[in-house]
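> any chance you could fold what I've pasted below:
(one chain, ligands or ions: 2)
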Amino acid sequence: MNTILQTKDLCKYYGKGDNEVKAVNHTNISVEKGEFAAIVGKSGSGKSTLLHLLGGLDYPTCGEVIIGTQSIFSMKENELSAFRRRKIGFVFQSFNLVTSINVWENIVLPIGLDHKKADVAFIEDIICALGLTEKRNSMPNTLSGGQQQRVAIARAMANDPAIILADEPTGALDSNTGRQVLDTLKRLSKKKLVIIVSHDRDFAENDADRIIELADGRGISDVEVDTCTDTEEDVPVLSYEGETIQVPAGYHLTEEDR
Ligand code: ADP
Ligand code: MG
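Ligands and ions are numbered 1, 2, ... in the order given. Presented below is the predicted three-dimensional model:
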């Protein structure tokens, strides 16, 4: 078992008495490295609140979040913020780039906040993998939405965190651009744990290995999706005949193939 993130009876309540809202209500989940997990549910079901708690951006009313072996809210505030900066990358719907500095400066910003030096070669690799090499000196407001979101993903990746948490990362993008951003996150999930909040069930059903559904702050279902329906020899692969590349039906081209 390679569990890296779990919650134990996690809850977050807002307000008091009649006005109390149980945004997250005794939720128990457990997610492993290499999983591409989706948290789905209607608007107001507690998805963002849960994601913020998972990343230690907000304190719970009760319960625990455990990352690796560490119960994160038992750390002192400054320890928790250092832990968060090193282990977790966040991606938000609204990109949250700093508009007064360029792409490169945005990407390395969290590393500077941690008083570390950027690993330039590593960041160049990320920028290249995200197709942003030409844009490294551009200002955020000159980029398309999809490019801005890829900068936000690069920023989330810059210090090689174990976990990426993304809150409706495609919510502000058209469907093609959203698809590219999801493909990017999916590729990353092979080496990390990626959790995406989405109200888009299609995405969850087509892409995620794991779907956690919330209603009124409670986990109402948790389904592991069997993404491996074909036997090994039936998996379609690219083949070459002279100068021609044969693409079998149902095969999805990866960035690498392109
Ligand atoms: P979702 O992301 O699924 O749309 P949220 O986690 O944002 O849901 O919200 C869950 C519930 O908690 C909603 O009823 C929302 O109004 C309430 N809520 C969220 N944040 C706050 C807050 N800061 N103060 C009071 N209520 C909040
Ligand atoms: Mg939300």
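> please make it C-alpha for all contacts and neighbour counts, starting now.
Will do.
> next to ligand 1, which bits of this structure? Give me the list.
Proximity of the chain to ligand 1 (C-alpha under 6 Å from any ligand atom) is limited to residues 14, 21, 23, 42-49.
> please repeat the previous calculation with a cut-off of 8 Å.
13-15, 21-24, 40-50, 197, 214, 216-217 (C-alpha under 8 Å from any ligand atom).
> show only the entries of those found in helices.
Under the assignment DSSP state H, the residues of the chain next to ligand 1 contribute 47-50 to helices.
> show me what contacts Gly178?
146, 169-171 (C-alpha atoms under 8 Å, 6 or more residues apart in numbering).
> next, count neighbours for His115.
9 (other C-alpha atoms under 10 Å).
> ugh, wrong one, I meant Leu57
Neighbours of Leu57 (other C-alpha under 10 Å): 15.
> residues touching the residue found closest to Leu214 once you drop the neighbours it is linked to in the chain, list them.
Using C-alpha to C-alpha, 6 or more residues apart in numbering and skipping residues adjacent in sequence, the residue nearest Leu214 is Gly41, 5.0 Å away. Neighbouring residues of Gly41 by C-alpha under 8 Å, 6+ apart: 47, 198-199, 213-215.
> kindly recompute the last result at 6 Å.
Neighbour list for Gly41: 199, 213-214 [criterion: C-alpha atoms under 6 Å, 6 or more residues apart in numbering].
> show me the helices in this protein, by range?
Under DSSP H, the chain gives helices at 47-54, 77-87, 103-113, 120-129, 145-157, 175-189, 201-207.
> report the separation between Lys22 and Val181.
As judged by C-alpha to C-alpha, to the nearest Å, Lys22 and Val181 stand 32 Å apart.
> now swap in Ser45 and tell me
Ser45 sits 24 Å away from Val181, going by C-alpha to C-alpha.
> and if you look at Cys11?
When Cys11 is compared with Val181 (using C-alpha to C-alpha), they lie 30 Å apart.
> higher neighbour count, these two?
Neighbour count, other C-alpha under 10 Å: between Cys11 and Val181, Cys11 has more, with 24 against 21.
> ok, that one touching His26?
Yes - at 5.0 Å, Cys11 counts as touching His26 under the criterion of C-alpha atoms under 6 Å.
> now do the strands in this protein.
For the chain, the strands defined by DSSP state E occupy 3-14, 21-27, 30-32, 36-40, 62-67, 70-71, 88-92, 163-167, 193-197, 210-215, 218-224, 239-241, 244-246.
> now those strands as TSV including mean pLDDT?
Formatted as TSV, the strands of the chain follow (pLDDT from 0 to 100):
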stretch	mean pLDDT
strand 3-14	93
strand 21-27	96
strand 30-32	92
strand 36-40	93
strand 62-67	97
strand 70-71	95
strand 88-92	93
strand 163-167	94
strand 193-197	93
strand 210-215	93
strand 218-224	89
strand 239-241	61
strand 244-246	66
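> with distance to Phe203 added, can I get those strands in TSV?
Converted to TSV, those look like this (distance: least, C-alpha to C-alpha, whole Å):
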stretch	distance to Phe203
strand 3-14	22
strand 21-27	23
strand 30-32	18
strand 36-40	9
strand 62-67	26
strand 70-71	31
strand 88-92	17
strand 163-167	14
strand 193-197	10
strand 210-215	10
strand 218-224	14
strand 239-241	29
strand 244-246	28
